[in-house]
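Participant: Could you work out the structure for the sequence below:
(chains A, B and C)
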Amino acid sequence: MLTPFTKRALQVIKGIPEGKVLTYGGVAALAGNPGGARQVSRLLHSMSEKYDLPWHRVINAKGKISLKPSQGYELQRALLESEGIGFSKNDTVDLSVYLWDGVPRC
DNA sequence: CCACTGACTACTT
DNA sequence: CAAGTAGCCAGTG
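Facilitator: As a prediction, the model looks like this:
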C-alpha cells in the first residue's frame, strides 16, 4: 500500500503539462510533503513505468538533470526539448520560464 | 518491523 | 562557485 503522499505525488507528476517542468521538491511540496524530494526520486525510479509517469518532466532544484550521461540524461533532455523546453548553455532548464506552479490557469 | 538506499535540498566551509 | 555535511521520508528486501 502506498502512502497518501505517494499517490498524490503521482497525480501531481501526471498533471504536469507539456512544456513545463517541476523540481523534486516542487512535486513533494505539492504532494503535501515538503522535504520529501528524495521520495519523489524513488517514485520516478521505481514506479514511473507502472504508473505511466512523465518522469522526464521532473528535474532537480537547480533546473538540471540529476541523471548522469548513459543513465538516461540524454533521453530526458531529448524528451524535454521535444516538448518545447529549452536548455541554457549550462545544460540547465530555465526554471523561471518552465517551472510549473502546479496551478493550472482557470 | 528493521536496515539500507536513494534521479534531493539547504546550509556551511 | 565547488565540495562536504546533515536532514529529510518512503519503497524494497
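
Participant: and stretch A:63-74, how far from the chain's centre?
Facilitator: How far stretch A:63-74 lies from its chain's middle: 12 Å, per CA atoms, centre = their mean, to the nearest Å.

Participant: how about the nearest residue to A:Leu75, chain neighbours excluded?
Facilitator: Take A:Leu75 and drop its neighbours on the chain: the residue closest to it by CB to CB, 6 or more residues apart in numbering is A:His56, 7.3 Å away. Backbone N, C-alpha and C define where each C-beta goes, glycine included.

Participant: now do A:Asn60
Facilitator: Using CB to CB, 6+ apart, the closest residue to A:Asn60 is A:Ser66 (4.7 Å).

Participant: Ok, A:Lys14 next?
Facilitator: Computed as CB to CB, 6+ apart, the closest residue to A:Lys14 that is not its neighbour in sequence is A:Leu53, at 6.2 Å.

Participant: burial measure for the one you found, as a count.
Facilitator: Neighbours of A:Leu53 under the rule other CB atoms under 10 Å: 19.

Participant: Can you check what pLDDT the model gives the residue nearest to A:Leu75?
Facilitator: We have a pLDDT of 94 for A:His56.

Participant: just checking, it is part of a strand?
Facilitator: No. Applying DSSP: H, G, I helix; E, B strand; the rest coil, one finds A:His56 to be helix, outside a strand.

Participant: Enumerate every residue touching it.
Facilitator: Residues near A:His56 by CB atoms under 8 Å, 6 or more residues apart in numbering: A:75-76, A:79-80.

Participant: Need phi/psi at A:Val21.
Facilitator: phi -140, psi 160 (degrees, to the nearest 10).

Participant: just checking, it touches A:Leu80?
Facilitator: Yes. Counting by CB atoms under 8 Å, A:Val21 does reach A:Leu80; the two are 6.9 Å apart.

Participant: and the helix ranked longest in chain A with DNA strand C, contact?
Facilitator: Criterion DSSP state H: the longest helix present in chain A is helix A:37-51. Yes. Remark: helix A:37-51 sits within contact range of DNA strand C at A:37-39, A:42-43, A:46-47, by CB under 7 Å from any atom of the strand.
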